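Asks: I would like the atomic coordinates for the input below:
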Amino acid sequence: MLARIILAITLVLVAVTTYARDDGRYSQVAPEVKRWVEGLTDDKGRGCCATADGFRPEEVDWDMSQNNYKVLIGGQWYTVPEGAVVKESNRIGYAIVWYYVDNGALFIRCFLPGSGA
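Replies: The predicted model follows:
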């Protein structure tokens with residue numbers, strides 16, 4: 001019985017530690033910039049999430065055409081919903097897109113255009 005409890009606790013701890021995406025790759029981001037990114041919201045005031053939750057598309061992986069932003073994710077272009085575009089000036093220079101997949105469909109939560117936009 002004790003072995004099962006220890007195993008269950010170990011599995012929970014492993015699951016919790018693997019869920020977090022900030023594995024140190026964003027350690028070069030200044031704390032004030034991380035706080036700024038974590039405070040970004042969409043048009044409805046919903047938070048975009050943390051720096052570690054966003055994906056940094058390369059310059060060729062996002063574009064603006066016909067007054068809509070588009071991002072290339074997994075080899076497919078997606079139109080960014082207008083309400084998902086962050087209107088605030090970009091303090092970090094590069095574009096970030098926050099998205100999630102639900103039942104096989106990709107949804108863009110927020111998009112921060114690069115400073116060249």
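Asks: remind me which residues of this protein are low pLDDT?
Replies: 1-29, 50-53, 57-60, 116-117 (pLDDT under 70).
Asks: go again using 90 as the cut-off
Replies: Scanning the chain for pLDDT under 90 picks out the ranges 1-67, 72-76, 82, 86-101, 112-117.
Asks: the strands in it, which residues?
Replies: Secondary structure of the chain by DSSP state E: the strands cover 62-65, 68-73, 76-79, 96-102, 105-112.
Asks: give me the helices and strands touching the third one, please.
Replies: In other words, strand 76-79. The contact analysis (3 or more C-beta pairs under 8 Å, 6 or more residues apart in numbering; DSSP states H and E) places strand 76-79 against strand 68-73. Where you see a C-beta, it was placed from the backbone N, CA and C, and this is true even at glycine.
Asks: coming back round to it: any chance of TSV for the strands of the chain, columns distance to residue 31 and mean neighbour count?
Replies: Converted to TSV, the strands of the chain look like this (distance: least, C-beta to C-beta, whole Å; neighbours: other C-beta atoms under 10 Å):
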stretch	distance to residue 31	mean neighbour count
strand 62-65	26	15
strand 68-73	27	17
strand 76-79	31	13
strand 96-102	17	17
strand 105-112	18	18
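Asks: between those, which gets nearest to residue 36?
Replies: Closest approach to residue 36 among those is made by strand 105-112 (10.6 Å; C-beta to C-beta).
Asks: just checking, what packs against that closest one?
Replies: Using 3+ C-beta pairs under 8 Å, 6+ apart as the test, strand 105-112 ends up in contact with strand 68-73, strand 96-102.
Asks: can I get these in CSV including distance to residue 35?
Replies: Output for the helices and strands packed on strand 105-112, formatted as CSV (distance: least, C-beta to C-beta, whole Å):
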stretch, distance to residue 35
strand 68-73, 24
strand 96-102, 15
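Asks: among those, which is nearest residue 42?
Replies: In terms of C-beta to C-beta, the element of the helices and strands packed on strand 105-112 nearest to residue 42 is strand 96-102, at 9.1 Å.
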